[in-house]
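>>> coords please:
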Amino acid sequence: MNNFVPATDQVEISIPDEVEELFNVRRDGLPEVIAINEGLLSFPHHSIFPWYLCITLEAQYLIDNGMPSPRESELLFEMVDELSLVVMGGRTMSGSVNALFLARSTWNGKRELYYYVHDPKVVHGKLQQALNSKTWHREWSYRMEFDKEWEKATYIFQVFPQASGLSS
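Alright, predicted model coming up:
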């Protein structure tokens with residue numbers, strides 16, 4: 001567990017360790033491979049991380065059902081690693097964790113990364129720097145929305161019962 005001290009309240013909370021669980025599910029009739037941070041399933045402090053962030057990477061070389069080819073998937077994972085460092089490397093003004101990893105999804109020609117964020121300005125600035133810092137191998141974009149109740153995470157958390165314990 002990591003400790004987080006919000007800059008305004010000075011209340012210490014425990015951040016659960018990242019525990020990824022991988023699922024093969026279907027969304028809109030297409031296969032989806034989704035890795036979910038199980039540690040956030042029971043995280044009670046949604047109001048401290050009220051900003052939903054989705055980063056979308058566009059795959060170019062696809063095989064069956066909109067899934068990336070093995071080489072394409074490898075390239076996307078390299079980008080995911082780099083972008084994850086950008087998002088997760090940011091800190092609050094008090095030096096605490098600023099973002100929580102929620103999930104990573106591959107579906108319909110895209111790889112998406114989902115996070116919840118404390119201070120959106122920190123992440124926005126770092127992502128803008130990343131967008132402008134180099135020529136990326138694939139197009140990517142992001143959007144951030146205020147979602148204090150974590151309603152955007154509903155689909156992701158519903159994957160657990162949908163999978164009926166059949167994780168891979």
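>>> how much space between the nearest residue to Glu58 once chain neighbours are set aside and Pro120?
When the adjacent residues along the chain are set aside, Glu58 lies closest to Glu139, with 4.5 Å between them (Cβ to Cβ, 6 or more residues apart in numbering). (Each C-beta comes from the backbone N, C-alpha and C, glycine too.) Remark: distance between Glu139 and Pro120 (Cβ to Cβ, to the nearest Å) = 22 Å.
>>> Out of these two, name the residue with the larger neighbour count.
With neighbours defined as other Cβ atoms under 10 Å, Glu139 and Pro120 compare such that Pro120 has more, 17 against 10.
>>> That one against Trp51, yeah?
Yes - look at Pro120 against Trp51 with Cβ atoms under 8 Å: they come within range, at 4.5 Å.
>>> between these two, what contacts are shared?
With contacts taken as Cβ atoms under 8 Å, 6 or more residues apart in numbering, Pro120 and Trp51 have Met144 as neighbours in common.
>>> So which residue is smack in the middle of this protein?
Nearest residue to the geometric centre of the chain (Cα atoms, centre = their mean): Tyr114, 2.3 Å.
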